[in-house]
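> sequence and predicted structure, then a few things I'm wondering about:
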Amino acid sequence: MTGPAIHRAAGRLHGKTAVVTEAGAGVGRAIALRFAAEGAQLILLSRTPAAAAETRRRLDPPQPDAVVLSCPRGDEDSWRGLAAEIDARLRGGIDILVTVADRAPEAPLRDLDFVDFDRACRETLEEAFLAVKHLSPSLQRRGGGAVVTVAPDARGSAAQCALAGGVALMSKALALEFAPPPAVRVNCLQVAPAATAEDQAAAAALVLHMASGETSYMTGVVVEAPDGRGDRNRPNPRR
Amino acid sequence: MSRLVGKVVMVTGASQGLGEAAARALAADGARVVLAARGREAGEAVAAELRASGADARFIAHDVAEPDSWTQAMAAIDSVFGRLDGLVNNAGTADPGPLQTMELAAFRRAHQVNLHGVFLGTQAAIRAMRRGAAGGSIVNISSLAGRVGFPGAAAYCSSKGAVQALSFACAREERAAGIRVNVISPGVFLTPLARRAATPTPEIETAVTAAIPMRRLGDPAELGATVVFLISDESAGLTGADLPVDGGYTAQ
């Protein structure tokens, strides 16, 4: 038995290709920056490509050839086209998919317009669904890989909890669908909104852990990111 | 990688199985590792191999169920290193049998090792870490069986479920002191303990494997990275978490 293969000076994601959705700000950007630092080749998606381009500008070491693409807004044909474009640019397929969909309304239910709830459903649960549906074939072509779904806060508002639960349980179901060899592992990270830079870096470290080949037997796991509010299992102070 | 350079980490049950794999991964990432186990010969051999590869590793004969053994271990670590940064409470035992016919002594024995051993270790480590005032990270190895019931394993399930609850409470007690307490819940790995308790015959191993979504048992080396992650500052802020590493079993 030998130690895990994590001791490469080149970085823990050296040779890996990763797609990060909503990579233009917040935790998505933090994940992109960390992945680049660990040697991954990146494809950055965002509903506002200029923001993802700004993330690309900040990558260290520099990665001017990182692909920036507009993230489709909820229609299946656009996702199909995006998957085809990624396949055209990276014939070998991708190794890692991180769906970042952590924003949901914080207002209490009685103050929440259905329109806003519905939009949050599209931008979180439905986006994760579409991203995994259309990009998982590219992961499977590489002979396995890893998906990490970044979900809203499971201790927040009704909308946040509903979508956190939806993304988490969908991730578990997907983990089971993709578990037989060659496995695509699927794990989920729930994050609180308005995280500090430190919290975002902590979330990125967790995503790196779950996405890297080091955790090749971990799938179907749901974790809450540290967020400075306290420990994992304490009562929610907002209730 | 050298995420653990300077850290002193003790691993119980380090002479074989998951404890051995944890010790190897910690040493490979630069930690100074104290391998604790009852089995001197096997434990010394692992420590010697790690030293030969350039790691700082030493073995101490140790029984997690004996309070005196913890006192001696902590005194030895204090005199050699003057600090303790991490503890991996891994040592465990499994002695299957149905509840209806189980002797109380057997039930008690499972808890003495799996639960009381973790209690003693966690308490000893907290005291040492509080003296050092630099915080620390404790990783308690529970089990898939702490989350899911298995027939014939009532004592094991009970002790492993208790390890989780103990860890969650302790995480909240120690948060302000900067001491993190997290749990890993491994599924069925290729270890001597699992061979004895979970997959004793080829037929049973086939059935167990079929019940695991990834359709294979875990390689102990696949657990090491999660131990390193939780001991390292990469997981700063994370406490009271339970990370299953079980090939998807508990996602079902």
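Thanks, I have it. These numbers come from a predicted model, not from an experiment.
> is the helix or strand harbouring residue A:204 in proximity to chain B?
Element membership for residue A:204 (DSSP states H and E) is helix A:197-211. Yes: against chain B, helix A:197-211 shows contacts by Cβ under 8 Å from any Cβ of the partner chain at A:198, A:199, A:202, A:205, A:206, A:209. (Glycine included, C-beta is placed from N, CA and C.)
> how close does the residue in chain A positioned nearest to chain B get to residue B:246?
For chain A and chain B, the shortest gap (Cβ to the nearest Cβ) falls at residue A:220, measuring 2.4 Å. Distance of residue A:220 to residue B:246, computed by Cβ to Cβ, to the nearest Å: 8 Å.
> same check, this time on residue B:46
25 Å.
> comparing these two, which residue is more hemmed in?
residue B:246 (28 against 25; other Cβ atoms under 10 Å in any protein chain shown).
> show me the contacts for the more buried one.
Each residue near residue B:246 by Cβ atoms under 8 Å, 6 or more residues apart in numbering or on different chains is listed here: A:217, A:218, B:144, B:185, B:186, B:187, B:188, B:212, B:218.
> check chain B for its longest strand and report it.
If you go by DSSP state E, chain B has its longest strand at strand B:179-186.
> and it, which strands flank it?
Within its sheet, and counting by DSSP bridges, strand B:179-186 is paired with strand B:136-141 (parallel), strand B:242-245 (parallel).
> and the lengthiest helix in chain A, anywhere near chain B?
Criterion DSSP state H: the longest helix present in chain A is helix A:158-177. Yes: for a cut-off given as Cβ under 8 Å from any Cβ, helix A:158-177 has contacts with chain B, namely A:172, A:173, A:175, A:176.
> and that helix, how far out from the chain middle?
Per Cα atoms, centre = their mean, to the nearest Å, the displacement of helix A:158-177 from the mean C-alpha position of its chain is 13 Å.
> what mean pLDDT does it have?
Average pLDDT, helix A:158-177: 97.
> after that helix comes which helix or strand?
Once helix A:158-177 ends, the next helix or strand along the chain (criterion: DSSP H and E) is strand A:184-190.
> what does that following strand rub up against?
Strand A:184-190 is contacted from outside by A:102, A:132, A:136, A:139-140, A:144-154, A:164, A:167-168, A:171-172, A:174-175, A:178-179, A:203, A:206-207, A:210, A:215-216, A:218-225, using Cβ under 8 Å, 6+ apart.
> kindly report the same for stretch A:102-122.
So stretch A:102-122 is in contact with A:26-27, A:73-74, A:123-124, A:150-153, A:156-160, A:162-164, A:166, A:190-191, A:193, going by Cβ under 8 Å, 6+ apart.
> quick one: residue B:166 from residue B:235, how far?
Distance of residue B:166 to residue B:235, computed by Cβ to Cβ: 19 Å.
> now residue A:174
Distance of residue A:174 to residue B:235, given as Cβ to Cβ: 25 Å.
> returning to that earlier point: and the next helix or strand after the helix holding residue A:204, what other elements does it pack with?
Per DSSP H and E, helix A:197-211 leads on to strand A:222-224 as the next helix or strand towards the C-terminus. Other elements packing on strand A:222-224 under the criterion 3 or more Cβ pairs under 8 Å, 6 or more residues apart in numbering or on different chains; DSSP states H and E are helix A:158-177, strand A:184-190.
> and these as CSV, adding mean neighbour count?
Formatted as CSV, these follow (neighbours: other Cβ atoms under 10 Å in any protein chain shown):
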stretch, mean neighbour count
helix A:158-177, 21
strand A:184-190, 28
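> a markdown table for these, including distance to residue B:98?
Below are these laid out as a markdown table (distance: least, Cβ to Cβ, whole Å):
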| stretch | distance to residue B:98 |
| --- | --- |
| helix A:158-177 | 30 |
| strand A:184-190 | 35 |
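> for residue B:155, find the nearest of the ones you listed.
helix A:158-177 (28.7 Å; Cβ to Cβ).
> residue A:44 touches residue A:54, doesn't it?
No: Residue A:44 sits out of contact with residue A:54 when judged by Cβ atoms under 8 Å, with a separation of 9.8 Å.
> what do the two both touch?
residue A:24.
> so between those two, which is more surrounded?
Legend: neighbour count by other Cβ under 10 Å for residue A:44 and residue A:54, higher for residue A:44 (30 against 17).
> doesn't the more buried one belong to a strand?
Yes: per DSSP: H, G, I helix; E, B strand; the rest coil, residue A:44 lies within a strand segment.
> quick one, helices of the stretch 1-150 of chain B?
Assigned by DSSP state H, counting those that start in this stretch, the helices in the stretch 1-150 of chain B fall at B:17-28, B:40-52, B:67-80, B:104-111, B:117-132.
> where along chain A do the helices fall?
Along chain A, the segments classed as helices by DSSP H run A:26-37, A:49-58, A:76-89, A:114-121, A:127-141, A:158-177, A:197-211.
> which outside residues touch the third one?
For helix A:76-89, the external contacting residues (Cβ under 8 Å, 6+ apart) are A:19, A:43, A:45, A:67, A:69, A:71-72, A:93-94, A:130-131, A:133-135, A:137-138.
> and residue B:9, bridged to which residues?
Applying DSSP bridges, one finds that residue B:9 bridges with residue B:33, residue B:86.
> picking that back up, so which of the helices of the stretch 1-150 of chain B comes closest to residue A:39?
helix B:17-28 (18.6 Å).
> compute the inter-axis angle for the closest one and strand B:136-141.
With axes from the mean of the first three to the mean of the last three Cα atoms, to 10 degrees applied, the angle from helix B:17-28 to strand B:136-141 works out at 150 degrees.
> can you tell me the average pLDDT over helix B:17-28?
98.
> now swap in stretch A:49-56 and tell me
97.
> okay, now the unreliable bits of chain A?
A:1-9, A:194, A:227-239 (pLDDT under 70).
> distance check, the residue in the stretch 1-150 of chain B positioned nearest to chain A against residue B:56.
Proximity of the stretch 1-150 of chain B to chain A (Cβ to the nearest Cβ) peaks at residue B:28, 3.7 Å away. Residue B:28 is 12 Å from residue B:56, where distance means Cβ to Cβ.
> check residue A:190 too.
Distance from residue A:190 to residue B:56, counting by Cβ to Cβ: 38 Å.
> coming back round to it: ok, which of the strands paired with strand B:179-186 comes nearest residue B:148?
Closest among the strands paired with strand B:179-186, using Cβ to Cβ: strand B:242-245, at 10.0 Å.
> now do the buried residues in that closest one.
Residues B:242, B:243, B:244, B:245 are the ones in strand B:242-245 that count as buried (16 or more other Cβ atoms under 10 Å in any protein chain shown).
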